[in-house]
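Enquirer: need the 3D shape of this:
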Amino acid sequence: MACFWLVPLVISVLGLVCRCEYINVTVSHTNATWENTKLVSGCKLVGLDRNRKLNPADIRVLNHTGPLDAWIGAQVQLSPWINITGCFLHDNSSVSRTEVYSVDISNVRSPVETCFDQCSSEEFAITATRCYCLHDVTSIRGKPCLGHTCGSRNNSLCGHNNQCMCRYKQLSTDPVLNKTGNCMTIRKISNNYIYTPENCSFGHTFVCTYTNKSKITVYDTNSIGSWTDALSLCHHNNQMLLGLNTENIPKHNNKLQSIFSYWIGMFRFHHFNWGGFNVNNGQCVSIHIMPNAATSPELRLRNCSTTLPVICGQKSDVSTLSSSSPTSNGVPLPPIIGTVAGLVIIVLITSVVCLINRRKRQNELNNNRTTEQRTESWHCAQVAIDAHSHIDAHHNMSYSELSKNNGDPIQAEGDYIYNHLHSADRENERVKDLYHHTTDFRSEYDSLEKFNHGKDDQTDSEYDHIKVNSKLPS
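Expert: Sure thing, here's the model as predicted:
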């Protein structure tokens, strides 16, 4: 029990060692197109030998403080289209879900992207501080609640507290073949609707709906904005950007005008992974480094023919340190190594001491049990010996006293019963009768005494006692 405090300490130490894997890089002094990055002297494009998810926050530039854009070795993929399906209140005890991620929304660039990356389910939801992968989606269609824009760029919709859950659903089929934009617009032509993805920064009118979707508000030329602007403005009007689908299109048909394209609550985003050669519609991956060291770098798509500096990997470009550790130009200071090593040594020593103490206590407990068992056995034996001695002394005393009181010489122990009956309660008529009755069987007793001659006197006495008792009148 005394060593349980080691568990959180070990976890903390492991967290210090393994929390972040930073990649130390430098910026080349020569610009090149993405295709010609391999020709830059003394520089190997970082990421070519990696094949996992790219997190720009892991990159530490050693010789530049920004701002700048530079090429990196990465691949880009598009997520499925995702539809905002609404925000609902939920009960922690009744909602069937699997919690897979917990995050401080204010520190996440895009909560929706983070949640999508963590979930393998078709639907997921976000509250004020948490992300959930949903497996039983029907159980959370409760009372509507108000969501709010969240994330560092206000490009996600989250619940206003931890009971309000804003839900998202992946579309199983791609509604369009156009791969140029990540935010969806819709335009009405007669009674048909044309879906067109466009750059999320373009300006369009948009459609907001109340949380119960009972009615919508159409914002026209007086409220043109980007997709993120539309999401934010709907929120400020206690509404949400309409996630238009086949169920509610007929309901709002007369609200839309054919001369406008409207932003709706349908979007997708890019997945960036480390990797080799990649050209996505003539666009390659660059990283935008901010002058403020506290701001994480941002990944961007640029025309592959653009000339930019190159992010060069080091021969040993990976260092492991705590995200809270002090750094100098991105390089961890040496004391962190000694601190972590010291904590590890303390944990090991304390663990050994605890194991030794535990074994010592176990041995003491076993010894105490053995001693108690021996003491109990000795006590039982002593009681038995004392009891036997008491019985012998009692018998000897009784016989001696009876012989002395009758003035008779000490007779053989076989006369014990006779003398006892003769001397005790002599005036009692019943005893007198018993006395004479016992005398009649004297001859039988003498024969038995001869028969048992040479045996233990105690056996004779017990036999005589049983014999006499068998003749007592009832």
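
Enquirer: can you pull the domain assignment for this protein?
Expert: 22-75+271-313, 80-172, 175-267 (the TED database).

Enquirer: surely C312 and S41 touch.
Expert: No - in this structure C312 lies outside contact range of S41 using Cβ atoms under 8 Å: 10.5 Å. Every residue, glycine included, has its C-beta placed from N, CA and C.

Enquirer: more neighbours: which of these two?
Expert: C312 (21 against 7; other Cβ atoms under 10 Å).

Enquirer: for V27, which residues make a bridge with it?
Expert: Bridge pairing for V27 (DSSP bridges) gives the partners I311.

Enquirer: I meant to write P197 there.
Expert: Counting by DSSP bridges, the residues bridging with P197 are M184.

Enquirer: I'd say it and M184 touch.
Expert: Yes - contact criterion Cβ under 8 Å: P197 and M184 qualify, at 5.5 Å.

Enquirer: what touches both of those two?
Expert: V176 (Cβ atoms under 8 Å, 6 or more residues apart in numbering).

Enquirer: mean pLDDT and distance to V352 added to the domains of the chain, as TSV?
Expert: Formatted as TSV, the domains of the chain follow (pLDDT from 0 to 100; distance: least, Cβ to Cβ, whole Å):
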stretch	mean pLDDT	distance to V352
domain 22-75+271-313	83	33
domain 80-172	78	35
domain 175-267	78	56
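
Enquirer: let me have these in TSV, extended by distance to K360.
Expert: Below are these laid out as TSV (distance: least, Cβ to Cβ, whole Å):
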stretch	distance to K360
domain 22-75+271-313	44
domain 80-172	42
domain 175-267	64
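
Enquirer: T350 belongs to a helix?
Expert: Yes - counting by DSSP: H, G, I helix; E, B strand; the rest coil, one finds T350 located in a helix.

Enquirer: quick check: it vs Q362, distance?
Expert: 19 Å (Cβ to Cβ, to the nearest Å).

Enquirer: those two: who's more crowded?
Expert: Taking neighbours as other Cβ under 10 Å, T350 and Q362 compare with T350 leading, 14 against 10.

Enquirer: I figured C200 hits L231, correct?
Expert: No - shown here, C200 and L231 do not form a contact pair, counting by Cβ under 8 Å, at 9.9 Å.

Enquirer: tell me which stretches of the stretch 1-150 of the chain form helices.
Expert: 6-18, 111-118 (DSSP state H, counting those that start in this stretch).

Enquirer: can you list contacts of the shortest one?
Expert: I take that to be helix 111-118. 53, 79, 82, 100-101, 103, 105, 108, 124, 126, 131-133, 150-151, 155-158, 168, 269, 271.

Enquirer: name the element N367 belongs to?
Expert: Assigned by DSSP states H and E, N367 belongs to helix 335-405.

Enquirer: thinking again about what came up before, select, out of the domains of the chain, the one closest to L355.
Expert: domain 80-172 (34.3 Å; Cβ to Cβ).

Enquirer: that closest one: end-to-end distance?
Expert: 8 Å (Cα to Cα, to the nearest Å).

Enquirer: now stretch 216-234: buried residues?
Expert: Neighbour counts over stretch 216-234 (16 or more other Cβ atoms under 10 Å) mark 216-219, 223-234 as buried.

Enquirer: Q283 versus G86, what's the distance?
Expert: 34 Å.

Enquirer: actually, I189.
Expert: 30 Å.

Enquirer: P197 and M184: who's more crowded?
Expert: M184 (27 against 22).

Enquirer: how much space separates that one from T196?
Expert: Applying Cβ to Cβ to M184 and T196 gives a distance of 7 Å.

Enquirer: spit out the residues that contact these two alike.
Expert: Common neighbours of M184 and T196 (Cβ under 8 Å, 6+ apart) are V176.

Enquirer: next, count neighbours for E364.
Expert: Neighbours around E364, by other Cβ under 10 Å: 10.

Enquirer: ditto for V207
Expert: Counted with other Cβ under 10 Å, V207 comes out at 24.

Enquirer: neighbours of S351, just the number please.
Expert: By other Cβ under 10 Å, 13 other residues sit near S351.

Enquirer: so what's it scoring on pLDDT?
Expert: Per-residue confidence (pLDDT) for S351: 76.

Enquirer: from R359, how far out is it?
Expert: Relative to R359, and taking Cβ to Cβ, S351 is found at 13 Å.

Enquirer: do the same with L241
Expert: From L241 over to R359 (counting by Cβ to Cβ), the distance is 65 Å.
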